[in-house]
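**Q** sequence? don't have it. structure:
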């Protein structure tokens with residue numbers, strides 16, 4: 001299931017069933033955002049990677065690949081930012097106690113880098129609902 005809704009010019013939503021193959025649909029959503037907001041190429045990459053990681057985590061870890069559950073992505077525009085909110089139907093996670101993937105003991109560990117990348121590539125990251133909702137914000141180019 002994939003839905004695009006455009007209730008007004010400042011919101012856009014993507015709804016996906018929790019099938020890992022649906023992660024590939026994030027790129028078309030980001031392309032639509034880039035076109036609508038005239039996103040610079042470097043910001044496009046940051047948004048694509050961050051959102052792909054967040055949706056992947058929501059599908060795999062939040063909803064445990066349960067295709068009866070959905071992941072919702074909501075884009076909201078404010079005066080100078082776009083916020084991408086990813087919500088799953090899981091119990092959440094303790095986002096405060098994630099191991100540092102750059103620590104020497106974790107360099108060879110598989111996984112654990114998605115949240116780190118989201119923090120590095122976005123301007124801010126906030127969690128709600130015990131970690132089952134993440135919001136990443138990106139500052140818009142002032143020359144739009």
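**A** Cool, got the structure. Source: prediction; values computed, not measured.

**Q** Run through who's touching the top helix by length along the chain.
**A** Longest helix in the chain, counting residues (DSSP state H): helix 41-57. For helix 41-57, the external contacting residues (CB atoms under 8 Å, 6 or more residues apart in numbering) are 16, 20, 22-23, 26-27, 29-30, 33-34, 39, 71, 73, 84, 86, 114-115, 117-118, 121-122, 134, 136, 138, 141. Any C-beta I mention is one placed from the backbone N, CA and C, and that applies to glycine too.

**Q** average pLDDT for that helix?
**A** If you average the pLDDT over helix 41-57, you get 96.

**Q** Buried residues, that helix. List them.
**A** Buried residues in helix 41-57, counted by 16 or more other CB atoms under 10 Å: 43, 46-57.

**Q** just stretch 93-100 next, same as before
**A** Here stretch 93-100 shows residue 93 as buried, counting by 16+ other CB under 10 Å.

**Q** List the contacts of that stretch.
**A** Here stretch 93-100 has contacts from 61, 62, 106, 109, 112, 115, 116, 127, 130, 131, 132, 134, using CB under 8 Å, 6+ apart.

**Q** mind redoing it with 10 Å?
**A** Contact with stretch 93-100 is made by 57, 61-62, 105-106, 109, 112, 114-116, 119, 125-127, 130-132, 134, as judged by CB atoms under 10 Å, 6 or more residues apart in numbering.
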